[in-house]
Every structure is written in C-alpha cells, then in structure tokens.
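Colleague: My questions are about this predicted structure, shown below with the sequence.
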Amino acid sequence: MTPFTKCVGHGAVLLRDDIDTDLIVRIERIAQLKRGEFAKWAFESLRYRTDGSEEPAFVLNRVPFRDAKILITGANFGCGSSREMAVWALEDFGIRCVIAPSYGDIFYNNCLQNGLLPVRMPAAQIATLASAASSGLQIRVDLSDCTVEADGLEPVRFDLDEGQRLGLLNGLDDIDQSVALEPSIGSFQDRDRSIRPWIYAAAQAAAGPSSSRC
C-alpha cells in the first residue's frame, strides 16, 4: 500500500454522525466495479440528484473541495456492513485521511490495511478544525509526529498505536509486517524444533506424508 507520511490539502467538512459504509459506496457498485473504479461513486446518493446530475450543495461537488484529500466528519464514521470497498471508494476519490471522533471498528481497521489514515479527535477540536477547513484553509496532517494543524491554529496531537503508525509510515499492512518477521519466525521454529521435536513429528504425522515441513 502507499506509505502515509504527511498529507496537506483542503479538508471537506461533512459533520454528520453515523455515516455508514452503504452511504460511502452503494452495495450494487461493489458487484460491478474493481479497485480503482470507485471514485465517481463515492457518496453517490449525496453527490448526485435522481436525474444523475451533480448536487451543487454537496461539499465534494464544490471548489476547492472537489480535490479534497482530507475528510472531516462526525462520530461513528464507517459503521454498518464490513465492506473494504468503502475505503477503496474514499481513496479512489483522493481522500488520504479521515478525521472523526469515532469509527466503526471494521472500517477503522480496513483503513489501516489500505494506507488511509483514520484520525480520532474530540468533537470540540473537530469543530474548530472544521471551521478553518470550511473557510478554505488547507489542513496539514503529519503522521511522523501525529499532529493536525492549519494556519492560525495550534497543532493538535492525536493518538495512534505505534505498530499501526509504523505500518502506515512504511506502507506495510498486517501481512507485509508478518512477512518481514519471517527470519525471526524461522529462527524460533528451528530452536523450538530442537527442543520439542515430538511436537513437529506429531504435526507431520497428523497432516499426512505429502505435507511440507513445518
């Protein structure tokens, strides 16, 4: 996945609680599209009128937020069904960071596995940041020191698990991080095999003669 270090850009403000994954991307699009094809359909029911034309009042249809890299939103963002495509739709649109008071758990983890930074921030601080973003000020998100700032505002720190932070900084999802530990895992298995050979012999016997070495 693409490493995340810093993100500087306009922040689109959508201060609405309980935005679920179906609102982010409709289920029928999931069956039709592949990753990289969701940009047009992110927030489809909010972005378009029934005749297919754009809804000019919606923030992502307005300049300069048509090119927003940051989404500032309400509590419980990404709740609902566990569709990874909701994260893909945001990324395909160009969003690299979402700032909200809280998230749906599965959506939050899907963000971390796809290089999108989910920042948790108290609602009062979000309101201040949203005011700055709505006025057209660019927002700066720095994962190296876990801060969010805008001109005229003091930097605000956010918390992120250190392992998750390093994964995003290096562009490594959980599988990549596990593969990186393969030499250590192999060394442990070799040591353990010499100490407890019967464990591996039993596993081999249970798996059958054609199984590979543990």
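Modeller: Arrived safely. Numbers count the residues shown, from 1 in each chain.
Colleague: The helix or strand containing residue 98: partners in the sheet, and parallel or antiparallel?
Modeller: Using DSSP states H and E, residue 98 sits within strand 97-100. Strand 97-100 pairs in its sheet with strand 70-73 (parallel), strand 117-120 (parallel), by DSSP bridges.
Colleague: Show residues contacting the helix or strand just after the first one.
Modeller: To tie it back to what came earlier, the one meant is strand 70-73. Using DSSP H and E, the helix or strand that follows strand 70-73 in sequence is helix 85-93. Residues from elsewhere that reach helix 85-93 (Cβ atoms under 8 Å, 6 or more residues apart in numbering): 21, 24-25, 29-30, 33, 35-39, 41-42, 60, 71, 78, 98, 107, 110-111, 114-116. Using the backbone N, CA and C atoms, a C-beta is placed for each residue, glycine as well.
Colleague: quick revisit: now the strand holding residue 98: how far from the chain's centre is it?
Modeller: The chain centroid and the centroid of strand 97-100 are separated by 9 Å under Cα atoms, centre = their mean, to the nearest Å.
Colleague: Report the mean per-residue pLDDT for that strand.
Modeller: Regarding strand 97-100, the rounded mean pLDDT is 98.
Colleague: And for stretch 199-214?
Modeller: Taken as a whole, stretch 199-214 has a mean pLDDT of 64.
Colleague: same check, this time on stretch 56-68
Modeller: In the prediction, stretch 56-68 has an average pLDDT of 97.
Colleague: What distance separates the opening and closing residues of it?
Modeller: End-to-end distance of stretch 56-68 (Cα to Cα, to the nearest Å): 16 Å.
Colleague: still on that earlier bit, nearest to residue 128, out of the strands paired with strand 97-100?
Modeller: Judged by Cβ to Cβ, the one of the strands paired with strand 97-100 that comes nearest to residue 128 is strand 70-73, at 10.5 Å.
Colleague: Now the closest one: buried residues?
Modeller: Within strand 70-73, the residues that count as buried by 16 or more other Cβ atoms under 10 Å are 70-73.
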